[in-house]
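Chemist: heads up, no residue letters with this:
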């Protein structure tokens, strides 16, 4: 196990009046470390800064965060670095303090062995849905009860992820991954309008597709896309691209050529 | 200021891997203390137990919580007792541990002077809306970013609360209060189906109305109710019933007879 730094202090605890605890008033980034460095760090920080702006947090001190990520990793060259930023301690009540004293929690840990792409996944469709609110969509904020409840739905270790629908029935994402399908040779991923997270690896994949001349689209998709999809994969910052072999009860897919091209591309660029 | 107990320990901190912090994976109750006792304690605990069941937490140890609330209050006879229950520490990932080690945070504090009913409130309509999800509705869970963002919308101290609409345009509640209106002599409050909190004071008021022979209904309501309402008030466990004097830009109401009857009733029974 790696280190955990709280406001720069090794092994620190969280104040019991922290707004991250009381209201989920905060953000996080889960990042992969490779060769002693955080992969796609600038993209993670760009998303974090944009979310800080939306939640009216002070802009993150990127240099400080980079130093602390390195400090948390220590001698560890690869693994996972999770950063949590909250609006810090505050008095009772939803209203945020005007000048919050932001809390930083940075944890370095070993990557889980299950996360070795490109092992193909079997996934299921979750009953728990995603509430829709454009005010929260896209951000990796700390209000994650829907994902927690969705993960509690199954225990079969053969099922590697759960797909989630929005309340109005659109296919949005995995519990901890963005979703891509290939249809008619085109790469498609759900638009992040009113729910879901704008994943860093999702962005990396869309850029890679562009660079490779692969057509792509962000759009609303219903569950019926699985009947016409020829390839399906999931993405997240830690695992990169994970091909989906089957959606239980709905469809099966081979490891397809476009998925493979993207996996190879990101391996070459070092982005996944 | 009163005491704060973390798992029974005075002044304790929270582990940096607590799921309450990372995912808002927890619940809370904000309760009024009067005469050294927590008002409507049984109703708070009934809601907590039901929410624990829904989130698949172990059932709360009510006796222990009662003892700790008393301990937190100490010599303090009146004030606010806030209880936070989380799914405790855990490894990275949304999936909850099968046998969680629940975290308890109990804080006693002085009631805020603003909360002396029945001072009539001026309220505003918030732009931030409430996402809808029956899986979360009713519970006083820790995913409260919508309320935080709504409270950040105004700073005018003359505005005492903000009303929130659901994504589909129904009038649901205040940021930290349930909403009641009187129309045609009938007491009406928004149904809690897919968003909003099933407030303890809301329940107390509905029971009191029943006991007084006042007709009441839980139903969907749009913003247009304010044009036909003759009385409007807000409720929460700490402040009881607070009459609404005006919704900025939408309507004004006198302190009405039904509101007064209910305030008097709850004062008599000691429920508010």
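Modeler: Received, thanks. The structure displayed is predicted, hence computed values, not measured ones. Numbers count the residues shown, from 1 in each chain, chains lettered A, B, ... in the order given.
Chemist: Spell out which parts of the stretch 51-200 of chain A neighbour chain B.
Modeler: A:55-56, A:80, A:82, A:84, A:86-87, A:92-96, A:105, A:107, A:109, A:128-133, A:135-136, A:141-152, A:167, A:175-176, A:194-195 (CB under 8 Å from any CB of the partner chain). Heads up, the C-betas are built off the backbone N, CA and C, glycines and all.
Chemist: how's chain A carved up into domains?
Modeler: A:4-110, A:121-269 (automatic domain parsing).
Chemist: What are the buried residues along the lowest-mean-pLDDT helix or strand in chain A?
Modeler: Least confident helix or strand of chain A, by mean pLDDT, DSSP states H and E, is helix A:225-228 with a mean of 92. Buried residues in helix A:225-228, counting neighbours by 16 or more other CB atoms under 10 Å in any protein chain shown, are found at A:225, A:226.
Chemist: Counting by contacts, list what it packs against.
Modeler: strand A:178-183 (3 or more CB pairs under 8 Å, 6 or more residues apart in numbering or on different chains; DSSP states H and E).
Chemist: counting contacts, what elements does the next helix-or-strand element following the strand it packs on pack onto?
Modeler: As assigned by DSSP states H and E, the chain's next helix or strand after strand A:178-183 is strand A:186-190. Contact analysis of strand A:186-190 by 3+ CB pairs under 8 Å, 6+ apart lists strand A:171-174, strand A:178-183, helix A:200-211, strand A:216-219 as its packing neighbours.
Chemist: and residue A:62, which of these is closest to it?
Modeler: Judged by CB to CB, the one of the helices and strands packed on strand A:186-190 that comes nearest to residue A:62 is helix A:200-211, at 14.8 Å.
Chemist: still on that earlier bit, ok, which of the domains of chain A comes nearest residue B:225?
Modeler: Per CB to CB, nearest to residue B:225 of the domains of chain A: domain A:121-269, 22.8 Å.
Chemist: wouldn't residue A:119 be in contact with residue A:244 here?
Modeler: No - proximity of residue A:119 to residue A:244 does not meet the contact threshold set by CB atoms under 8 Å, at 10.9 Å.
Chemist: for chain A, what are the low-confidence residue spans?
Modeler: A:1, A:112-118 (pLDDT under 70).
Chemist: run the last query once more with 90
Modeler: By pLDDT under 90, the low-scoring segments of chain A are A:1-2, A:11-12, A:77, A:110-119.
Chemist: Longest helix in it, by number of residues?
Modeler: helix A:41-55 (DSSP state H).
Chemist: Pull out the buried residues from it.
Modeler: So for helix A:41-55, counting by 16+ other CB under 10 Å, buried means A:41, A:43, A:44, A:45, A:47, A:48, A:51, A:52, A:55.
Chemist: Repeat that for stretch A:251-269.
Modeler: Result for stretch A:251-269 [16+ other CB under 10 Å]: buried residues A:251, A:253, A:258, A:259, A:262, A:263, A:265, A:266.
Chemist: wait, which of those is closest to residue A:237?
Modeler: With CB to CB as the yardstick, the closest approach to residue A:237 among the buried residues of stretch A:251-269 comes from residue A:266, at 11.6 Å.
Chemist: Spatially nearest residue to residue A:125 (excluding sequence neighbours)?
Modeler: residue A:163 (5.3 Å; CB to CB, 6 or more residues apart in numbering or on different chains).
Chemist: what helix or strand is the one you found on?
Modeler: Going by DSSP H and E, residue A:163 is in strand A:161-165.
Chemist: Which secondary structure elements does the helix or strand following the least confident helix or strand of chain A sit against?
Modeler: For helix A:225-228, the following helix or strand on the C-terminal side (DSSP H and E) is strand A:231-236. Where contact means 3+ CB pairs under 8 Å, 6+ apart, strand A:231-236 is packed against strand A:178-183, helix A:200-211, strand A:240-247, helix A:257-269.
Chemist: Nearest to residue B:158, out of those?
Modeler: It is, among the helices and strands packed on strand A:231-236 and with distance given as CB to CB, helix A:200-211, at 43.2 Å.
Chemist: Which neighbouring elements make contact with the closest one?
Modeler: Against helix A:200-211 (3+ CB pairs under 8 Å, 6+ apart) you get helix A:41-55, strand A:178-183, strand A:186-190, strand A:216-219, strand A:231-236, strand A:240-247, helix A:257-269.
Chemist: outside of it, which residues touch it?
Modeler: A:29, A:31, A:40, A:43-44, A:47, A:178, A:180, A:187, A:189, A:215-216, A:218, A:235-237, A:240-241, A:262, A:265-266, A:269, A:271-272 (CB atoms under 8 Å, 6 or more residues apart in numbering or on different chains).
Chemist: could you pull out the helices for the stretch 51-200 of chain A?
Modeler: Ranges of helices within the stretch 51-200 of chain A are A:62-73, A:145-151, A:200-211, based on DSSP state H, counting those that start in this stretch.
Chemist: Pick the most buried one from those helices.
Modeler: A comparison of the helices of the stretch 51-200 of chain A by mean neighbour count, using mean count of other CB atoms under 10 Å in any protein chain shown, puts helix A:145-151 on top with a mean of 23.
Chemist: Could you tell me how far that one lies from the centre of the chain?
Modeler: 14 Å (CA atoms, centre = their mean, to the nearest Å).
Chemist: ok, and what's touching it?
Modeler: Contacts of helix A:145-151 (CB under 8 Å, 6+ apart): A:126-131, A:162, A:164, A:175-176, B:19, B:23-25, B:55, B:87, B:93-96, B:133, B:135-136, B:141-143.
Chemist: if you set the cut-off to 7 Å instead, what comes out?
Modeler: A:126, A:128, A:130-131, A:162, A:164, A:175-176, B:23-25, B:94-96, B:133, B:135-136, B:141, B:143 (CB atoms under 7 Å, 6 or more residues apart in numbering or on different chains).
Chemist: ok, so of the buried residues of stretch A:251-269, who is nearest residue B:228?
Modeler: Among these, and counting by CB to CB, the member closest to residue B:228 is residue A:251, at 51.4 Å.
Chemist: ok, that closest one touching residue A:226?
Modeler: Yes - contact criterion CB atoms under 7 Å: residue A:251 and residue A:226 qualify, at 4.4 Å.
Chemist: Now do the longest helix of chain A and helix A:200-211, the angle between them.
Modeler: Taking axes from the mean of the first three to the mean of the last three CA atoms, to 10 degrees, helix A:41-55 and helix A:200-211 form an angle of 120 degrees between their directions.
Chemist: contacts for helix A:41-55?
Modeler: Contacts of helix A:41-55 (CB under 7 Å, 6+ apart): A:27, A:29, A:31, A:58-60, A:62, A:66, A:85, A:139-141, A:198, A:200, A:203-204.
Chemist: just those residues now: which is nearest chain B?
Modeler: Proximity of those to chain B was ranked by CB to the nearest CB; the top entry is residue A:141 with 5.7 Å.
Chemist: Next up, the contacts around that closest one.
Modeler: A:24, A:26, A:27, A:51, B:145.
Chemist: Tell me the spacing between it and residue A:24.
Modeler: 7 Å (CB to CB, to the nearest Å).
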